[in-house]
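Undergrad: predicted model and sequence below, questions to follow.
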Amino acid sequence: MMTDPIADLLTRVQTAVKAQHRKVDVPASNLKVGIIDILKKNGFIRNYRLYRQGQKGILRVYLKYSGKNRPVIRGLKRVSKSSGRVYVPYSKLPKVLDGLGIAVVSTSSGLMSDQAAREAKVGGEVLCTIW
């Protein structure tokens, strides 16, 4: 049984990036699809595709590289964990590497990047940071 599906997603992506794989498969969930969609909108991955297999599904993430096989994703970090949740108002949302990275925030309006949450003036739980 997986206790932290977001940490599992981030670990799989980070491991695939370090091994310079072009794609990585992870067990699908609506939360993971939301996080991956934010990564795609912000240019950290090329694309993703959701494959349904019965009740379970597989989320295939196509990683993005630039130049001489340099990964666009340099690092991922889980911020809010099951042992300690991190909730912040929109005015105190973290700026990852002065705006070069993003923080994924779970708000009352759904999952958003830190920049979108600031524009909508909603705070929430900071799930992870990507740079």
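TA: Received, thanks.

Undergrad: got the contact list for the residue lying closest to Gly101 once chain neighbours are set aside?
TA: In space, and not counting its chain neighbours, Gly101 is closest to Trp131: 2.9 Å by C-beta to C-beta, 6 or more residues apart in numbering. For the C-beta atoms, the positions are set from N, CA and C on the backbone; glycine is no exception. Applying C-beta atoms under 8 Å, 6 or more residues apart in numbering to Trp131 gives the contacts 73-75, 96-97, 100-102.

Undergrad: do the same with Leu111
TA: 31, 34-35, 37-38, 104-105, 127.

Undergrad: can you check the pLDDT for it?
TA: Leu111 carries a pLDDT value of 96.

Undergrad: so what touches the longest helix seen in the chain?
TA: Longest helix of the chain, by residue count under DSSP state H: helix 5-18. With C-beta under 8 Å, 6+ apart as the test, helix 5-18 has contacts from 2, 23-24, 26-27, 29, 31-32, 35-36, 61, 63, 71, 73, 75-78, 81, 127-128.

Undergrad: now do that helix, average pLDDT.
TA: Helix 5-18 comes out at a mean pLDDT of 96.

Undergrad: next one: stretch 50-66
TA: Stretch 50-66 comes out at a mean pLDDT of 90.

Undergrad: ok so, going back, following element in sequence after the longest helix of the chain, please.
TA: strand 23-27 (DSSP states H and E).

Undergrad: ranges for the helices of the protein?
TA: 5-18, 30-41, 114-120.

Undergrad: among those, which is nearest Gly67?
TA: Nearest of these to Gly67, taken as C-beta to C-beta: helix 5-18 at 14.5 Å.

Undergrad: that older thread, got the helices of the chain as a markdown table, with distance to Gly57 and mean neighbour count columns?
TA: Converted to a markdown table, these look like this (distance: least, C-beta to C-beta, whole Å; neighbours: other C-beta atoms under 10 Å):
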| stretch | distance to Gly57 | mean neighbour count |
| --- | --- | --- |
| helix 5-18 | 13 | 18 |
| helix 30-41 | 9 | 17 |
| helix 114-120 | 26 | 17 |
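
Undergrad: picking that back up, of the contacts of Trp131, which belong to strands?
TA: Ile102 (DSSP state E).
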